[in-house]
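1. sharing a sequence plus its predicted fold:
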Amino acid sequence: MSRESRASRGEERRKGQVNMAQDIPRYNRHELLRVIGEEGQKRIEKARVLVAGLGALGSLISILLARAGVGMLRIVDLDAPELHNLHRQILYDEEDTRSGLSKAQAAAQHLGRANSTVQIEPVVGAIGPESIAELTTGIDLVVDALDNISARYFVNDRILELGIPYVFGGAVETVGNVMTIIPGKTPCLRCLWPDPYAVADHPRASTVGVLSAAATAVASVQVTEALKILVGRHEDALAGLLVMDLWHNQFHVAPVAPDPRCRCRVYVPKAP
Ligand SMILES: [Zn+2]
């Protein structure tokens, strides 16, 4: 090992990036993956990601992205952890429900303990017309962990303006959905659901429940989609809407057609 690489390894060790005893780099198991590699890991470490919502999906998404070494995580949620959240919101514990901290503050503490090299930006607030511009400033990718459709439309429309990708996810009852939206290349959420009023009637976890494993499965797929985008493998991204019912062992990807009237403008009319 040259003097330069020894010095560099010493610097990595000081930053907590390599194992003290065996000199195994922190992200070794991702770097070994053919689809990520050392180059992909470097890209991940430079990325700035917004995790929108810190409930069941946001818990797993934020902890996996933090442990993957994403450069900056902006995490946003308005609420505080409650006891009935704990069955699926795996980032929090009973102490968090007593601490008086918001989910964003409690999450920032847990994420910082998991990986102190990641810059965590907790934001206590809601996603809406007043906040969406600031929340998405300087962001490379948005990962959806929201629990309401109107906030998702704000995110969808903003990422189309910015031209940054967005990984939509949702889970209710035993069913989960994931769709990856890449502006200019894929249909968007408005192509999937053109009528916000029709979507407002969809069942919600607060009334019909949600299987914790369905939520974490969705979040796991979303993190995989996020990593594909962060390492630059857009061609590997999910094409269409993933629909999975964990209880009934049904998994399929439904095609989503671009809406010719949609603002995302990915519809290309076929030649006559
Ligand atoms: Zn669209």
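-> That came through fine. Numbers count the residues shown, from 1 in each chain.
2. quick one, phi/psi of Gly71?
-> Main-chain torsions, Gly71, degrees, to the nearest 10: phi -60, psi -50.
3. was I right to think it contacts Val118?
-> Yes. With contact defined as C-beta atoms under 8 Å, Gly71 counts as touching Val118 (7.0 Å). All C-beta spots, glycine's among them, are computed from the backbone N, C-alpha and C.
4. out of those two, which sits in the busier spot?
-> Taking other C-beta atoms under 10 Å, Gly71 and Val118 do not tie; Val118 has more neighbours (20 against 16).
5. show me what contacts the residue of the stretch 1-150 of the chain found nearest the ion?
-> Relative to the ion, the nearest point of the stretch 1-150 of the chain is Ile149 (14.8 Å; C-beta to the ion). Taking C-beta atoms under 8 Å, 6 or more residues apart in numbering as the criterion, Ile149 is in contact with 193, 196, 199-200, 202.
6. up against the ion, what does the stretch 51-200 of the chain have?
-> 188, 190-191 (C-beta under 5 Å from the ion).
7. just put those residues in a markdown table and tack on pLDDT and secondary structure.
-> Formatted as a markdown table, those follow (pLDDT from 0 to 100; DSSP: H, G, I helix; E, B strand; the rest coil):
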| residue | pLDDT | secondary structure |
| --- | --- | --- |
| Cys188 | 97 | coil |
| Arg190 | 95 | helix |
| Cys191 | 96 | helix |
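8. same list (the residues you listed) but as a markdown table, adding neighbour count.
-> Below are these laid out as a markdown table (neighbours: other C-beta atoms under 10 Å):
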| residue | neighbour count |
| --- | --- |
| Cys188 | 26 |
| Arg190 | 20 |
| Cys191 | 22 |
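9. show me where the stretch 1-150 of the chain has strands.
-> Along the stretch 1-150 of the chain, counting by DSSP state E, counting those that start in this stretch, strands occupy 48-52, 72-77, 119-124, 141-144.
10. save those as CSV, and put in mean pLDDT and mean neighbour count too.
-> Listed next are the strands of the stretch 1-150 of the chain as CSV, based on pLDDT from 0 to 100; neighbours: other C-beta atoms under 10 Å:
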stretch, mean pLDDT, mean neighbour count
strand 48-52, 98, 25
strand 72-77, 98, 24
strand 119-124, 98, 18
strand 141-144, 98, 26
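11. mind putting those into CSV with distance to Val221?
-> Converted to CSV, the strands of the stretch 1-150 of the chain look like this (distance: least, C-beta to C-beta, whole Å):
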stretch, distance to Val221
strand 48-52, 15
strand 72-77, 19
strand 119-124, 23
strand 141-144, 11
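12. circling back: if you rank the contacts of Ile149 by neighbours, which is first?
-> Trp193 (18 neighbours).
13. please name the nearest non-neighbouring residue to that residue.
-> Val199 (4.6 Å; C-beta to C-beta, 6 or more residues apart in numbering).
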